[in-house]
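K.L.:
structure here, sequence nowhere to be found:
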């Protein structure tokens, strides 16, 4: 009450200034595997940066398709010719694909064997067994190892990739009981023709955080069972088995931790095309391939023991590489 008897107007309540800018909820944070857009930039620069990443991906994919078309013509001719040029050219092709998508390949260890001469039946063939977490594994190891891939039968139905796989003389397997013998004979024929093989014995791809157990059936070509299976050929030596660890350890120049492994991992029911689109938007990537000492199947009592030994070497190597510790080259 004022001195005049009138009721004084009340003071307006003091209200703290509240920003109307939207806050970034932790539940709406950017996915670790999404392209490297900078969320803290203003809207316009952020959109321009996102556009630049999409242009990069489009340019890379276009270059890969053009390269694949040109190389397909060359390889279709080389396949018909004698000699090992078709193997050298396939390795050149995969190395070019890796470079086109921005993937740098680092190799540790020594390659067992090499491109086998058709006249040298005494040189032991090599079966390379590796962990599998991404479609990019094929380009990474294919550019290093002079061998043909053994792939699941579904790859036959994939557009573009099926054509590239056939020109790379890929062996398709269904892993069904009724076709095991025929598929093993196909692999034996390739070995008799002086080809080395590349297998992914996990039987599927993983998220890259661990190496799944190896299926012993993948080692049938290297170590036949005492009964029911015949050796490859008495005139040809038993293949060596070289374990290979594959780990993606750099992304835009920075070490890849657990959260960023999903950038590379392609597994389960993930669609291939969207994953390729996201991965190729990154500026630079690095994969390290660790070649372990080869294993002699004759030194193991069973196929299962050979599979476990190969898995142990690959798993230990992958665990070491995932730690991002310095590894002597």
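P.N.:
Thanks, I have the structure now. Predicted, not measured: the structure shown is a model, and the values here were computed from it.
K.L.:
now residue 218: how far from residue 83?
P.N.:
Distance of residue 218 to residue 83, given as Cβ to Cβ, to the nearest Å: 29 Å. Glycine gets a C-beta too; all of them are placed from N, C-alpha and C.
K.L.:
who has more neighbours out of these two?
P.N.:
residue 218 (22 against 10; other Cβ atoms under 10 Å).
K.L.:
now do the SS call for the more buried one.
P.N.:
Assigned with DSSP: H, G, I helix; E, B strand; the rest coil, residue 218 falls in the helix class.
K.L.:
in the stretch 151-300 of the chain, where is pLDDT below threshold?
P.N.:
Along the stretch 151-300 of the chain, segments meeting pLDDT under 70 span 175-181, 225-236.
K.L.:
quick one: end-to-end length of stretch 174-182, please.
P.N.:
Here the two ends of stretch 174-182 are set 11 Å apart, with distance taken as Cα to Cα, to the nearest Å.
K.L.:
max-length helix in this protein?
P.N.:
helix 43-78 (DSSP state H).
K.L.:
just how off-centre is the following helix or strand past it within its chain?
P.N.:
With elements assigned by DSSP states H and E, the helix or strand that comes after helix 43-78 is helix 85-100. Its chain's C-alpha centre and that of helix 85-100 lie 15 Å apart, by Cα atoms, centre = their mean, to the nearest Å.
K.L.:
tell me what helix 85-100 is packed against?
P.N.:
Other helices and strands packing on helix 85-100, by 3 or more Cβ pairs under 8 Å, 6 or more residues apart in numbering; DSSP states H and E, are helix 43-78, strand 103-108, helix 136-142.
K.L.:
quick check, residue 280 in contact with residue 97.
P.N.:
No: between residue 280 and residue 97 there is no contact under Cβ atoms under 8 Å: 11.2 Å.
K.L.:
helices of the protein, residue ranges please.
P.N.:
Going by DSSP H, the chain shows helices at 43-78, 85-100, 136-142, 161-167, 180-192, 272-279, 303-322.
K.L.:
elements contacting the fifth one?
P.N.:
For helix 180-192, the elements it packs on are strand 171-173, strand 197-199, judged by 3+ Cβ pairs under 8 Å, 6+ apart.
K.L.:
contacting residues around the first one?
P.N.:
Defining contact as Cβ atoms under 8 Å, 6 or more residues apart in numbering, one finds that strand 171-173 is touched by 148-153, 155-156, 165, 179, 183, 186-187, 190, 197.
K.L.:
now which of those would you call buried?
P.N.:
148-151, 155, 165, 183, 187, 190, 197 (16 or more other Cβ atoms under 10 Å).
K.L.:
which two of these have the greatest separation?
P.N.:
Maximum pairwise distance in the buried ones among the contacts of strand 171-173, criterion Cβ to Cβ, is 16.6 Å, between 155 and 190.
K.L.:
pull the number of nearby residues for the nearest residue to residue 107 once chain neighbours are set aside.
P.N.:
For residue 107, ignoring the flanking residues on the chain, the nearest one in space by Cβ to Cβ, 6 or more residues apart in numbering is residue 289 at 5.1 Å. Burial of residue 289, expressed as a neighbour count using other Cβ under 10 Å, amounts to 23.
K.L.:
distance of residue 289 relative to residue 321?
P.N.:
9 Å.
K.L.:
kindly report the same for residue 102.
P.N.:
For residue 102, the distance to residue 321 equals 19 Å [Cβ to Cβ].
K.L.:
in stretch 316-329, what's buried?
P.N.:
For stretch 316-329, using 16+ other Cβ under 10 Å, the buried residues are 317-318, 320-322.
K.L.:
and the closest residue to residue 202 other than its chain neighbours, how many residues sit next to it?
P.N.:
Closest residue in space to residue 202, ignoring its immediate chain neighbours: residue 212 at 4.1 Å, by Cβ to Cβ, 6+ apart. By other Cβ under 10 Å, the residues close to residue 212 number 19.
K.L.:
surely residue 212 touches residue 204?
P.N.:
Yes: the criterion here is Cβ under 8 Å, and residue 212 meets it with residue 204 at 7.2 Å.
K.L.:
okay, which residue is most central for this protein?
P.N.:
Among the residues of the chain, residue 137 comes closest to the average C-alpha position under Cα atoms, centre = their mean, at 2.1 Å.
K.L.:
and that residue, how far from residue 283?
P.N.:
Residue 137 is 21 Å from residue 283, by Cβ to Cβ.
K.L.:
try residue 276
P.N.:
From residue 276 across to residue 283, the span is 16 Å (Cβ to Cβ).
K.L.:
more neighbours, the two?
P.N.:
Between residue 276 and residue 283, counted using other Cβ under 10 Å, residue 276 has the larger neighbour count: 18 against 12.
K.L.:
contacts only, for the more buried one.
P.N.:
61, 135.
K.L.:
burial count for residue 259?
P.N.:
If we define neighbours as other Cβ under 10 Å, then residue 259 has 10 of them.
K.L.:
and the gap between the spatially closest residue to residue 196 that is not a sequence neighbour and residue 91?
P.N.:
The shortest distance from residue 196 to any non-neighbouring residue, by Cβ to Cβ, 6+ apart, is to residue 147 (3.7 Å). Residue 147 sits 9 Å away from residue 91, going by Cβ to Cβ.
K.L.:
need phi/psi at residue 109.
P.N.:
For residue 109, the backbone dihedrals (degrees, to the nearest 10) come out as phi 100, psi -180.
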